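>>> give me a model of this one.
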Amino acid sequence: MSDAFEIADVGTVHEDHPRGWRRYVYSTNHKDIATMYLWFAVVAGIAGGGLSMLIRAELMEPGLQIFKNPHLFNVLVTGHGLIMVFFMVMPALIGGFGNWLVPLMIGAPDVAFPRLNALSFWLLPFSFALLILSLFVDGDAGGRGAGSGWTSIAPLTTTGSPGPATDFVIFALHIAAASVILGAINFITTILNMRSPGMTLHKMPLFVWSILVTAFLLLLAMPVLAGAITMLLADRHFGTSFFNPAGGGDPLLYQQLFWFFAQPALTAVMLPAFGIIGHVVAAFAKKPVFGHLGVAYAMVTIGFISFMSWADHLYTAGLTAGTRTWFMFAALAMVVPVVVVISSFIATLWGGSITFKPPMLFAVAFIVLFTIGGLSGIVLANPGLAPVLHGTAYVMAHLHYVFGTSAVFAIFAGWYFWFPKFFGYLANETLAKIHFWITFFGVNIAFFPLHFLGLSGMGRRIADYSDAYAGWNFVSSIGAFVTGGGVVVFLIMLVEAFAKKRKAGDNPWGAGATTLEWTLSSPPPFRTFNELPKIT
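As a prediction, this is how the structure comes out:
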């Protein structure tokens, strides 16, 4: 049996492999699907970021500048939140980096179910299209679109929005949930069953650990969201009263269900970010991650605790003092494993031979931004302070620092770090550094003032506000526009890299930057990035 026949037999290389757009549309190869996930995330990120620009333009000064109907402002807030969570961050971190790197890092030829992998991706464009269409169809009596926020909270979505816009959002979330569940099943099966000989769980790279824990979290949490929005749909069209008090239902039931999903899901967004940062920090400090196994188990602990702390979002929902105390301790318990992860990254930097290439700049900035967001999270976990700050801009500052800017900086760190591996070209380092500095200053100018506004009592999701809040809102809007400028530089960098076609070498980050630093007691089969199996 010839080598050529053996290769073709396992389905990794074919003589008649489609070229051009057919290569991607017809592909079941994990690399092609991962590349589509990444480009989809770029498109969705531009769309979601564009909505945020409109939001900040409206909030730049008191009064209604752009949207004469405040309902349209809420529609954009809803679209921005859903796009960034479900169609930008999750596809990039899990679908993009996960599909590209997990099979390579464990020595597998592909994911366990390649066709299921393709289905997971192709569900997303249709889901995204439904969400975009929801912006243009009738919503409530105030105009077009669904203005119930990214949480789709009842009773706004049951009795307050009779038009089809909310139905479009519900169907979009159903399809997105199906995509995520299928992807999670695929990753769990691949990691547990397709590791190469010698690649034990304890020797797996941090990124693979993060994807494994994330997959379990999403597999358990996503069906809860699917059930909750199905109940919403039944209340809207089939005469049920799950969330309608007039029929014996309870609106708070939806909040319990939603946050039981959202707390693990938002945690699942951050775990792949931790995995990426661990690899980048180790590569540019030129030393293994400090406490590799401790970080892996810390991520498992974070995932476990996330299922026990959902009601720290519900301190204003009439919980008893004992219940609030329980969830306060559960939320604060999350701090311990998070500190283990962040401290491990800092300890890895300590004494390392550090070079500040663009991926490293984004990685260090991630540590700074996530720490700021974590500190405000400790404040919001307090049941004495949280009711005062609930529904204010302070919560928006916390969410954007922990799950917004931190996740985006991790995505950029991974994008620049593995860009040569993904596309075979070198990015322009000067443009990449300009992109970093503009984005870093922009996000801090945009989101840090929200702490001050929230402490002063400014509410969230409002199109107009008192003149007393004008100063910091103006500063925040300027920061948002600066961040938008950073996105423009990023796009210029992409165009320049693919136009110049600077070929990447075997190890573009230099000697010692072998990020797959999973060697513990004994080396696994593939010890460095360049020794990974080459699957075309």
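
>>> isn't residue 504 right up against residue 418?
No. The pair residue 504 / residue 418 is not scored as a contact, 10.4 Å apart, by CB atoms under 8 Å. From N, CA and C alone the C-beta is placed, and that goes for glycine too.

>>> between the two, who's got more neighbours?
residue 418 (21 against 16; other CB atoms under 10 Å).

>>> quick one: the nearest residue to residue 86 once chain neighbours are set aside from residue 125, how far?
Closest residue in space to residue 86, ignoring its immediate chain neighbours: residue 176 at 4.9 Å, by CB to CB, 6 or more residues apart in numbering. Distance of residue 176 to residue 125, given as CB to CB, to the nearest Å: 11 Å.

>>> who's more crowded, these two?
residue 176 (26 against 15).

>>> average pLDDT for the helix or strand hosting that one, rounded please.
Taking DSSP states H and E as the definition, residue 176 sits inside helix 165-193. Averaged across helix 165-193, the pLDDT comes to 94.

>>> cool, and stretch 353-366?
Averaging pLDDT along stretch 353-366 gives 93.

>>> show residues contacting that stretch.
If you take CB atoms under 8 Å, 6 or more residues apart in numbering as the criterion, stretch 353-366 is touched by 273, 276-277, 280-281, 283-287, 345, 349, 406, 409-410, 412-414, 416-417, 427, 429, 432-433, 435-436, 440, 509-510, 512.

>>> mind checking how far it is from the chain centre?
Between the centre of stretch 353-366 and the centre of its host chain there is 20 Å, according to CA atoms, centre = their mean, to the nearest Å.

>>> now that stretch - C-alpha only, CSV.
Taking Å, rounded to 0.1, in the frame of the first residue of the first chain, the C-alpha atoms of stretch 353-366 are listed here in CSV:
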residue,chain,number,x,y,z
SER,A,353,13.6,36.7,29.2
ILE,A,354,10.7,38.9,28.1
THR,A,355,10.2,40.3,24.6
PHE,A,356,7.3,42.7,24.0
LYS,A,357,6.1,41.6,20.6
PRO,A,358,2.4,42.5,19.7
PRO,A,359,1.0,39.3,21.1
MET,A,360,2.8,39.9,24.4
LEU,A,361,1.5,43.4,24.6
PHE,A,362,-2.1,42.2,24.3
ALA,A,363,-1.4,39.4,26.8
VAL,A,364,0.0,41.8,29.5
ALA,A,365,-2.9,44.2,28.8
PHE,A,366,-5.3,41.3,29.3
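
>>> rewinding a little: shared neighbours of residue 176 and residue 125, anything?
Joint contacts of residue 176 and residue 125 (CB under 8 Å, 6+ apart) do not exist.

>>> how many residues are close by residue 46?
Residues near residue 46, counting by other CB under 10 Å: 15.

>>> nearest residue to it other than its sequence neighbours?
residue 487 (7.0 Å).

>>> how about the secondary structure of the one you found?
helix (DSSP: H, G, I helix; E, B strand; the rest coil).

>>> distance check, it against residue 443.
Counting by CB to CB, the gap from residue 487 to residue 443 is 11 Å.

>>> more neighbours: those two, which one.
residue 443 (24 against 20).

>>> any regions of the stretch 301-450 of the chain where pLDDT drops low?
Within the stretch 301-450 of the chain, no stretch has pLDDT under 70.

>>> return the residues in contact with residue 180.
90, 94, 120, 218, 222.

>>> just the ones in strands from those, please.
With strands taken from DSSP state E, there is no overlap with those.

>>> not counting its neighbours along the chain, what's nearest residue 402?
Nearest one to residue 402, counting by CB to CB, 6+ apart, is residue 373 at 3.4 Å.

>>> list the buried residues in the helix or strand harbouring that neighbour.
Here residue 373, judged by DSSP H and E, is contained in helix 358-380. By 16 or more other CB atoms under 10 Å, the buried positions in helix 358-380 come out as 358-367, 369-374, 376-377, 380.

>>> name the SS class of residue 161, please.
On the basis of three-state DSSP, residue 161 is classed as coil.

>>> wait, it touches residue 139, no?
Yes. The criterion here is CB under 8 Å, and residue 161 meets it with residue 139 at 5.5 Å.

>>> which residues does the residue nearest to residue 46 contact?
45, 46, 49, 439.

>>> so for the helix or strand where residue 24 lies, what gets flagged as buried?
Element membership for residue 24 (DSSP H and E) is helix 21-25. Buried residues in helix 21-25, counted by 16+ other CB under 10 Å: residue 24.

>>> beyond it, next helix or strand please.
Next along from helix 21-25, by DSSP H and E: helix 30-58.

>>> and the spatially closest residue to residue 476 that is not a sequence neighbour, how far from residue 177?
Nearest-residue entry for residue 476: residue 449, 4.7 Å, with adjacent residues in sequence omitted and distances by CB to CB, 6+ apart. Using CB to CB, residue 449 is found at 35 Å from residue 177.
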